[in-house]
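Peer 1: just coords:
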């Protein structure tokens with residue numbers, strides 16, 4: 001009886017909300033410090049190097065069964081490299097694989113847009129490889145360390161009784177994304193002149209009635225499908241239906257923390 005109830009509530013949890021197809025967008029409005037005037041330099045952005053852990057996927061419905069365990073604060077389903085599943089979906093749809101949908105490239109594009117919009121430098125230029133750095137004063141690159149997303153669910157430490165509370169309009173857990181990356185800046189001689197280690201997290205509570213966006217295609221088989229709680233309206237400039245909305249918010253915070261030291265360095269070199 002209990003196992004049937006768990007299956008029932010697991011299915012209802014993801015069927016109640018309105019479902020829409022998520023879009024792979026990392027757009028956001030920059031936050032944090034802006035310089036009085038752009039530094040009179042050109043910065044070239046290279047794609048980030050891959051340094052994330054191997055692809056990880058936790059079966060969400062399997063994790064939800066653990067909510068029946070009393071005294072367990074919450075259960076989590078962690079996911080890493082979800083962008084690679086999005087690339088698989090592109091192949092299934094018959095579309096050419098787009099490197100900009102993969103995080104090492106997509107993140108560098110978002111960082112370039114952030115620096116340009118923030119007025120950090122006279123020009124911010126996207127580079128596909130170091131050979132394109134002709135006429136560039138500084139080259140920014142780095143390594144992407146983590147883009148883990150976790151779906152956390154709680155039964156309020158009540159086990160089966162707590163699962164029954166999910167039908168109420170109360171939080172039943174959260175969706176959270178971590179972004180960890182190393183950024184480096186090299187001058188024309190190739191010397192490393194600035195570095196920053198960024199770590200940030202974006203999280204939102206969710207209820208049984210939260211709207212949902214889908215990532216991937218098939219529920220089972222060769223491809224991957226995950227239903228994420230929609231990020232929704234925000235004042236961060238993030239696309240509400242983006243399946244990368246949580247990552248965009250975390251990257252926005254990480255860049256807000258990185259820019260003050262970058263601006264200070266550029267000011268010291270261009271006085």
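Peer 2: Looks like it arrived, so ask away. Here the structure is a predicted model, which means the values were calculated and not measured.

Peer 1: what stretches of the chain score poorly on pLDDT?
Peer 2: By pLDDT under 70, the low-scoring segments of the chain are 1-19, 59, 61, 90, 97, 217-224, 271.

Peer 1: those helices in the stretch 1-150 of the chain, which residues are they?
Peer 2: 2-15, 60-64, 82-92, 103-117 (DSSP state H, counting those that start in this stretch).

Peer 1: before we move on, what about the stretch 151-271 of the chain?
Peer 2: According to DSSP H, counting those that start in this stretch, the helices that the stretch 151-271 of the chain contains are 160-164, 245-270.

Peer 1: Of those helices, which is nearest residue 225?
Peer 2: Closest to residue 225 of those, according to C-beta to C-beta: helix 245-270, at 17.6 Å. The C-beta positions use only the backbone N, C-alpha and C, and glycine is treated the same way.

Peer 1: so the closest one versus helix 82-92, what angle?
Peer 2: On the basis of axes from the mean of the first three to the mean of the last three C-alpha atoms, to 10 degrees, helix 245-270 is oriented at 120 degrees to helix 82-92.

Peer 1: Quick one: list the elements packing against helix 245-270.
Peer 2: The contact analysis (3 or more C-beta pairs under 8 Å, 6 or more residues apart in numbering; DSSP states H and E) places helix 245-270 against strand 39-45, helix 103-117, strand 173-186, strand 192-206.

Peer 1: surely residue 37 meets residue 118?
Peer 2: No - the criterion here is C-beta atoms under 8 Å, and residue 37 misses it with residue 118 at 12.0 Å.

Peer 1: Show me what residue 206 is bridged to.
Peer 2: Beta bridges link residue 206 to residue 173, judged by DSSP bridges.

Peer 1: what sits against it?
Peer 2: Residue 206 is in contact with 171, 172, 173, 174, 175, 229, counting by C-beta atoms under 8 Å, 6 or more residues apart in numbering.

Peer 1: how close does the last one sit to residue 176?
Peer 2: By that I understand residue 229. 11 Å (C-beta to C-beta, to the nearest Å).

Peer 1: list the residues that contact both of the two?
Peer 2: residue 204.

Peer 1: what about those two, which has more around it?
Peer 2: Ranked by neighbour count (other C-beta atoms under 10 Å), residue 229 and residue 176 place residue 229 first, with 22 against 18.

Peer 1: residues in contact with that one?
Peer 2: Residue 229 is in contact with 17, 175, 204, 206, 210, 211, 212, 213, counting by C-beta under 8 Å, 6+ apart.

Peer 1: now the second one, nearest residue through space, not along the chain?
Peer 2: In other words, residue 175. Nearest residue to residue 175 in three dimensions, chain neighbours excluded: residue 229, at 5.1 Å (C-beta to C-beta, 6 or more residues apart in numbering).

Peer 1: May I have the beta-bridge partners of the one you found?
Peer 2: In this entry, residue 229 is beta-bridged to residue 212, by DSSP bridges.

Peer 1: Residue 78 versus that one, what's the distance?
Peer 2: Taking C-beta to C-beta, one finds residue 229 at 16 Å from residue 78.

Peer 1: Residue 117 now?
Peer 2: For residue 117 relative to residue 78 (C-beta to C-beta), the value is 32 Å.

Peer 1: pretty sure residue 140 contacts residue 182?
Peer 2: No - using C-beta under 8 Å, residue 140 makes no contact with residue 182, being 11.1 Å away.

Peer 1: which of those two has more neighbours?
Peer 2: Ranked by neighbour count (other C-beta under 10 Å), residue 140 and residue 182 place residue 140 first, with 24 against 16.

Peer 1: Can you name the residues that contact that one?
Peer 2: Residue 140 neighbours (C-beta under 8 Å, 6+ apart): 43, 44, 45, 46, 111, 183, 184, 185, 186.
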